[in-house]
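Q: requesting a structural model of the entry that follows:
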Amino acid sequence: MVTVAKGEIQVGLDLGGHEYEITPELVAEYAAGLDDHHEWYSGPSPFGGPVAPALILHSECYRFGHWYLPNVWGNLHAKQEWELFAPMMAGDRVSTRATIVDRYLKRQRDYVVNEVQVFGSEGRLLFRGRTHQSFVMEVDKNALAVDKEREKRADRRFETAAGQVEEEIAPLEKIVSIEMCKTFSPGTNYHNDVEEAKKAGFPDIVVQGMMPICFLSEFMTRRFGEGWYAGGRMSVNLVNVLWGGDGAAICRGLIREYTPEGARRRAHCEVWAEKRDGTKIIAGTASAVVA
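A: Residues are numbered from 1 along each chain as shown. The predicted structure follows:
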């Protein structure tokens, strides 16, 4: 682990790496935290035996210390990018490496981008993720960092664009319980405890942003299977907060077009996750390889 002094969080900073074995227990923990029990996780898959969920190491970026800015009050996961190259099989040993690859200012927030790469035992790149974390630049602890009224504003409504649609993908609704939040975000923190959320500048539990992002990965897995595991891409913005009391997230998507990719094709999708009242919490694009 690299110790970073205040003010040294800059592009090029190497945060070090970790090693893991993809155990049945690790897969079971993922399944419990997301209520995702795909048959490939414990039985045959197109890759042979049991395969781990595509985003099994979804929160690896948060296991590296000292890359957050000093002020954590009101911080939010703002954007996520994934590139998937090959699956992780049960029993595989993998290694990770994290690097700060960007830092920028936007709408009174300071953003830090942590890129995590995951490698197989023989050095093969398996997947890459970029997490954009935003930090409040001016703190007013007499106010909330984000309140529940914000998502009702016109500038927080994100409409699906008009244009060509090849297919509307079957939606996936996921129930979000406090118990799931506790399993997904262990310990006592603003992702599972109301009092901790209030200390952090929020009126209610902030469901960890990686949870609905993993729901979208399940959504893409259901539609595209191995073409998501080997060749999948996602770039999404976390546009509104999913609060602990919201109860559910619904994943939706449209295949906008197909483009040639060697002997196969790539399906380009518009994807989003929304609350039951239609408020979008995540919006962006994803793609997968198809025959």
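Q: quick one: buried residues of the top helix by length along the chain?
A: Ordering each helix of the chain by length in residues (DSSP state H) puts helix 210-224 first. Residues 210-221, 223-224 are the ones in helix 210-224 that count as buried (16 or more other Cβ atoms under 10 Å). (Each C-beta comes from the backbone N, C-alpha and C, glycine too.)
Q: would you pull up how far that helix lies from the middle of the chain?
A: Offset of helix 210-224 from its chain centre (Cα atoms, centre = their mean, to the nearest Å): 9 Å.
Q: output the helix or strand following it as CSV, restricted to C-alpha atoms.
A: Toward the C-terminal end, the helix or strand that comes next after helix 210-224 (DSSP states H and E) is helix 226-229. Taking C-alpha atoms only, helix 226-229 is exported to CSV below (Å, rounded to 0.1, in the frame of the first residue of the first chain):
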residue,chain,number,x,y,z
GLU,A,226,-20.4,-14.6,-23.0
GLY,A,227,-20.4,-11.6,-25.3
TRP,A,228,-20.6,-9.4,-22.2
TYR,A,229,-17.9,-11.4,-20.3
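Q: residues contacting helix 226-229, please?
A: 45-47, 51, 54, 84, 86-87, 217, 220-221, 264, 267, 288-290 (Cβ atoms under 8 Å, 6 or more residues apart in numbering).
Q: do me a favour and average the pLDDT over it.
A: Averaged across helix 226-229, pLDDT comes to 98.
Q: in JSON lines: the buried residues of helix 210-224, plus distance to H37.
A: Converted to JSON lines, the buried residues of helix 210-224 look like this (distance: Cβ to Cβ, whole Å):
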{"residue": "M210", "distance to H37": "18"}
{"residue": "M211", "distance to H37": "16"}
{"residue": "P212", "distance to H37": "18"}
{"residue": "I213", "distance to H37": "18"}
{"residue": "C214", "distance to H37": "13"}
{"residue": "F215", "distance to H37": "13"}
{"residue": "L216", "distance to H37": "17"}
{"residue": "S217", "distance to H37": "14"}
{"residue": "E218", "distance to H37": "10"}
{"residue": "F219", "distance to H37": "15"}
{"residue": "M220", "distance to H37": "17"}
{"residue": "T221", "distance to H37": "12"}
{"residue": "R223", "distance to H37": "17"}
{"residue": "F224", "distance to H37": "19"}
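Q: closest to L34 among these?
A: Distance from L34 was checked for each of the buried residues of helix 210-224 by Cβ to Cβ. The minimum falls on C214, at 5.3 Å.
Q: quick one: that closest one from I255, how far?
A: For C214, the distance to I255 (Cβ to Cβ, to the nearest Å) stands at 21 Å.
Q: partner residues bridging R103?
A: Listed beta-bridge partners, R103: V112 (assigned using DSSP bridges).
Q: my read: it touches L13, true?
A: No. Proximity of R103 to L13 does not meet the contact threshold set by Cβ atoms under 8 Å, at 9.5 Å.
Q: neighbour count: those two, which is higher?
A: Residue environment comparison for R103 versus L13 gives the larger neighbour count to L13, 18 against 15, counting by other Cβ atoms under 10 Å.
Q: for G49, the count of nearby residues, please.
A: By the measure other Cβ under 10 Å, the count of residues near G49 is 12.
Q: would you agree it is in contact with M89?
A: Yes. Checked against Cβ under 8 Å, the pair G49 and M89 is within contact range at 6.4 Å.
Q: who touches both of those two?
A: Here G49 and M89 share no contacting residue, scored by Cβ under 8 Å, 6+ apart.
Q: which residues of the stretch 101-250 of the chain fall in helices?
A: Counting by DSSP state H, counting those that start in this stretch, one finds helices in the stretch 101-250 of the chain at the ranges 178-184, 194-199, 210-224, 226-229.
Q: quick one, which of the ones you listed is nearest to S95?
A: Closest approach to S95 among these (Cβ to Cβ): helix 226-229, 19.1 Å.
Q: show me which residues of the closest one are buried.
A: In helix 226-229, counting by 16+ other Cβ under 10 Å, buried: 226-229.
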